[in-house]
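Q: sharing a model that was predicted from the sequence below.
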Amino acid sequence: MKVLIIGGGACGASAAARLRRLDDNAQITILEKTQEISIANCGLPYYCSNVIDSEEQMHVSSVQKFKNLLNVDIKMGANVTKIDRTAKTVTINDSVIMQYDKLVLAPGAKPFIPPIEGVLNNHKIFTVRMLQDAEMIKAHIKNINAQNAVVIGGGFIGVEMAENFAEIKGISTTLVEAASHILPPVDKETAAFAQNEMRKHGVHLILSDGVKAFGAEEIILNSGKKIPYDIAILAIGVKPETSLAKDCGLEIGKTGGVKVNKYLQTSDPDIYAGGDSVEVEDFITGDDVLIPLAGPANRQGRIIADNIAGYNSVYKKTIGSAVVKVFDFTVACAGNSEEMLIKKQIPFLKTFTFGFSHAKYYPNATRTMYKLLFNAEGDILGIQAAGKEGVEKRVDVIATSIRNGLKVWDLIDSELCYAPPYSSAKDPVNILGMHADNILKGFVKPAYFEDLKDSLLVDVRSQAEFENETIEGAIHIFTPELRTRYTELPKDKKVILFCNTGFQSYVASRILLQRGFNNVYSLAAGIELYKELIKDKTYELQTVNV
């Protein structure tokens, strides 16, 4: 059996390696149009700043290893220009023709370059997709002694590039994002932590603004602002590479990616496709989406190999689990965001909590903010978190719960490793399940920061805490005093109770709900999240008096 694989990235390389383990007699050839194969693309931002200081470390595998260990032939600089599905051949560099029994399309995606004035043939503008790109960026910074770096786009790559530019001594870094917050897969509350952390480390953020033109010395924004730049990175996103698929008549999905079935077969059963060039089914919504992530691409390569070798294997949709380092913070997510659920008109409930990385009494515990999205049936729709330690650990647990169809109540019963240096007896995952359970059972009515206006705010912390800081306009009734002072509160107006992170206000709301109040709410995640949002200037609310 002759198998040709177009593309030597995550999907293509994984397909080749898996297929060889399943079938030692197959003739397997990878056709890679560049001079790079199995590059650690996700590490490129860190290579640009020399956090990863060796090119050798950026090579996940090599042509020699594929040949010697796996007996897989790799042709570098092999640009496939035509696929003849009838003859089952591909044409390489407009001259060499190769036959196949099975063909795998894994060409990946290419950086999106918008048609902006001054973008073409601009030696100051770079994208970050290949090792060659990183080498050119490093050389440019050194050759011109760059002092002003501008990153266009606040997705994962954009944030990582901005961080790594900021780590290079002598470079002033600006990030421009057209949306109202960075990191589109998460919501504004979670993004606020990342934005505050970036500003803390000297990155200048410009949000809700885009590029109008690239000048010789300045970037002109839609708002009219002008930013000096010595180097600019376009990190606006990627487009699936589908030209070969289109030219040979394969079906293209509505998202612009190659259409595949659950076995990752295209509309031609002898041609498979995977990686960044295909559209997949969203696990939560069932919609067709583009999710260009390394994890799904690797799994898809394995599944393609299984099916070529005759072992039926199915790709089971994509959750979109992702994590990004933002200086000393970690932001992670899985499933859908609130913004996405609203856009898709999917009903949801939400809660916010703070949890410690390990037992609070054990030294150096750090606090993480979690946002859980779920529905009235208890289905988990999404999870987001921002903190310093153990962030991705908890998101991974909940992502696995989503994958296996568990409900929010199952989070309560999750038995997770516990010892004071690692967690708490009630892990933040358990606490999230408890929060959702309380909401669904009506034991608490959550309030959010968009609810604060036109409500009576009650600070239920101690007198000392209230005098130290509160939300302007709030009255003070300490939680234990509510049992005797509840008559001071109206029943015909929305009352929002708040404390530091939400637990004490939950207790206070239970006191009032059991005394006939139906208008009492507990502010999710309390004043701590409120302060983070005020600091980020996300909400135009009253200031915190500190």
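A: Arrived safely. Everything numeric here is computed off the predicted structure, so don't read it as measured data.
Q: next structured bit after the strand or helix carrying A508?
A: In this structure, A508 is located in helix 503-513 according to DSSP states H and E. Where DSSP H and E defines the elements, the next helix or strand beyond helix 503-513 is strand 520-523.
Q: contacts for the helix holding A508, please.
A: 438, 443-445, 458, 460-461, 479, 482-483, 486, 489, 495, 497-499, 520-523, 526 (C-beta atoms under 8 Å, 6 or more residues apart in numbering). Placement of C-beta: from N, CA and C, glycine included.
Q: 7 Å instead?
A: Surrounding helix 503-513, the residues in contact under the criterion C-beta atoms under 7 Å, 6 or more residues apart in numbering are 443-445, 460-461, 479, 482-483, 486, 497-499, 520-523, 526.
Q: as PDB, could you dump the C-alpha coordinates of that helix?
A: Written as PDB, here are the backbone C-alpha positions of helix 503-513 (Å, rounded to 0.1, in the frame of the first residue of the first chain):
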ATOM      1  CA  PHE A 503     -18.500  32.400  50.600                       C
ATOM      2  CA  GLN A 504     -19.600  34.700  53.400                       C
ATOM      3  CA  SER A 505     -22.200  36.400  51.200                       C
ATOM      4  CA  TYR A 506     -23.500  32.900  50.400                       C
ATOM      5  CA  VAL A 507     -23.900  32.200  54.100                       C
ATOM      6  CA  ALA A 508     -25.600  35.600  54.600                       C
ATOM      7  CA  SER A 509     -28.000  35.000  51.700                       C
ATOM      8  CA  ARG A 510     -29.000  31.700  53.300                       C
ATOM      9  CA  ILE A 511     -29.900  33.500  56.500                       C
ATOM     10  CA  LEU A 512     -32.200  35.900  54.500                       C
ATOM     11  CA  LEU A 513     -33.700  33.500  52.100                       C
END
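Q: what mean pLDDT does that helix get?
A: Averaged across helix 503-513, the pLDDT comes to 97.
Q: what does stretch 194-213 give?
A: 96.
Q: what is the end-to-end distance of it?
A: One end of stretch 194-213 to the other measures 27 Å (C-alpha to C-alpha, to the nearest Å).
Q: list the buried residues for it?
A: A194, Q195, N196, E197, M198, V203, L205, I206, L207, G210, V211, K212 (16 or more other C-beta atoms under 10 Å).
Q: surely the last one meets N222?
A: Yes - taking contact to mean C-beta atoms under 7 Å, the distance of 5.0 Å between K212 and N222 places them in contact.
Q: need the pLDDT of I168.
A: In this prediction, I168 has a pLDDT value of 92.
Q: and for Q542?
A: We have a pLDDT of 35 for Q542.
Q: just T538 next, same as before
A: For T538, the predicted pLDDT is 53.
Q: how many neighbouring residues does Y370 have?
A: For Y370, the neighbour count with other C-beta atoms under 10 Å is 26.
Q: my bad, G170
A: By other C-beta under 10 Å, 8 other residues sit near G170.
Q: which of the buried residues of stretch 194-213 fall within strands?
A: Using DSSP state E, the members of the buried residues of stretch 194-213 that fall within strands are L205, I206, L207, V211, K212.
Q: what lies in contact with stretch 311-318?
A: By C-beta under 7 Å, 6+ apart, the residues outside stretch 311-318 that reach it are 22, 262-264, 280-283, 291, 296, 300, 303, 306-307.
Q: over to stretch 399-411?
A: When contacts are defined by C-beta under 7 Å, 6+ apart, stretch 399-411 is touched by residues 283, 319, 321, 334-335, 374, 378-380, 429-430, 432-433, 436-437.
Q: quick check: mean pLDDT of it?
A: The model assigns stretch 399-411 a mean pLDDT of 97.
Q: same deal with stretch 456-468?
A: Mean predicted lDDT for stretch 456-468 stands at 97.
Q: and if you look at stretch 421-430?
A: Here the average pLDDT along stretch 421-430 is 96.
Q: what's the end-to-end length of that stretch?
A: 18 Å.
Q: may I see the buried residues of it?
A: Quick answer for stretch 421-430 (16+ other C-beta under 10 Å): Y422, S423, S424, D427, P428, V429, N430.
Q: likewise for stretch 374-388?
A: Those buried within stretch 374-388 under the rule 16+ other C-beta under 10 Å are 374-375, 378-388.
Q: what is the end-to-end distance of that stretch?
A: OK, stretch 374-388 end separation, C-alpha to C-alpha: 25 Å.
Q: how about stretch 116-124?
A: 14 Å.
Q: contacts for it next, please.
A: For stretch 116-124, contacts defined as C-beta under 7 Å, 6+ apart pick out I113, I125, V211, A213, F214, G215, Y229, D230, I231, A232.
Q: could you list the low-confidence segments of the stretch 251-400 of the chain?
A: For the stretch 251-400 of the chain, not a single residue meets the criterion pLDDT under 70.
Q: helices of that one, residue ranges please.
A: Under the criterion DSSP state H, counting those that start in this stretch, the stretch 251-400 of the chain contains helices at 294-308, 338-343, 391-403.
Q: any chance of those helices in CSV, plus distance to K88 and mean neighbour count?
A: Putting these into CSV (distance: least, C-beta to C-beta, whole Å; neighbours: other C-beta atoms under 10 Å) gives the following:
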stretch, distance to K88, mean neighbour count
helix 294-308, 14, 23
helix 338-343, 41, 17
helix 391-403, 37, 21
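Q: want to throw the ones you listed into TSV with distance to V119?
A: Putting those into TSV (distance: least, C-beta to C-beta, whole Å) gives the following:
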stretch	distance to V119
helix 294-308	27
helix 338-343	28
helix 391-403	35
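Q: quick revisit: quick one: which two of the ones in strands among the buried residues of stretch 194-213 are the most distant?
A: In these, two members sit farther apart than any others by C-beta to C-beta. They are L205 and K212, at 18.3 Å.
Q: ok, which pair from the contacts of stretch 311-318 is furthest apart?
A: Spanning the widest gap among these are L22 and D282, at 29.3 Å by C-beta to C-beta.
Q: out of those two, which sits in the busier spot?
A: Between L22 and D282, counting by other C-beta under 10 Å, D282 is the more crowded of the two (19 against 14).
Q: what's across from the most centrally placed residue in the chain in the sheet?
A: Central residue of the chain (C-alpha atoms, centre = their mean): A322, 4.1 Å from the mean position. Note on A322: beta-bridge partners C333, judged by DSSP bridges.
Q: I figured it hits I291, correct?
A: No - counting by C-beta under 7 Å, I291 is not a contact partner of A322; they are 9.0 Å apart.
Q: contact partners for the nearest residue to K493 once chain neighbours are set aside?
A: Nearest residue to K493 in three dimensions, chain neighbours excluded: L456, at 5.5 Å (C-beta to C-beta, 6 or more residues apart in numbering). By C-beta under 7 Å, 6+ apart, the contact set of L456 is P490, K493, K494, V495.
Q: angles on the backbone of the first one, please.
A: So the one you mean is P490. phi -80, psi 150 (degrees, to the nearest 10).
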